[in-house]
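> Quick one: sequence plus predicted model below, questions after.
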Amino acid sequence: MDRARDVSTIKLLVQAVQQATDLATKQLYLLQLEIDGIARTVGLLCSSFGGALVMVCCGGFMFLVALVKLLAWLTGSEGLAAVIVAAPFVVAAAGLAAWGLRRMFSVGA
């Protein structure tokens, strides 16, 4: 009787280890599926926002071209219109350059 009990206990332990292995394998497979789904969703989201960003940039450039054309029509000179539209960007670039130089020299001192 004691020998039969030992055999059944060993069989139960072997079955428990096999079931635990199967469960761990299935859990890892489910984790892989979840991660693949998340990666696909994040990729789709990034590509959507990237496409929207490209469209916004193109729209901004088209707006600037239209503004130059409007000012060229009003002033009669496309060169003057381009200078008028570019002037705020030149001022902003100069201001940012001066701010950056001040920051660089204040850190070094």
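Yes, it's here. Given the structure is predicted, the values throughout are model-derived calculations rather than measurements.

> Can you give me the buried ones in the host helix or strand of residue 105?
Using DSSP states H and E, residue 105 sits in helix 78-108. For helix 78-108, a neighbour-count test (16 or more other C-beta atoms under 10 Å) marks 81-82, 84-85 as buried. Any C-beta I mention is one placed from the backbone N, CA and C, and that applies to glycine too.

> Packing partners of the host helix or strand of residue 62?
Residue 62 belongs to helix 2-75 when assigned by DSSP H and E. Helices and strands touching helix 2-75, by 3 or more C-beta pairs under 8 Å, 6 or more residues apart in numbering; DSSP states H and E, are helix 78-108.

> helices or strands up against the helix it packs on?
Helix 78-108 packs on helix 2-75, going by 3+ C-beta pairs under 8 Å, 6+ apart.

> what angle sits between the helix it packs on and helix 78-108?
Angle of helix 2-75 versus helix 78-108, following axes from the mean of the first three to the mean of the last three C-alpha atoms, to 10 degrees, is 130 degrees.
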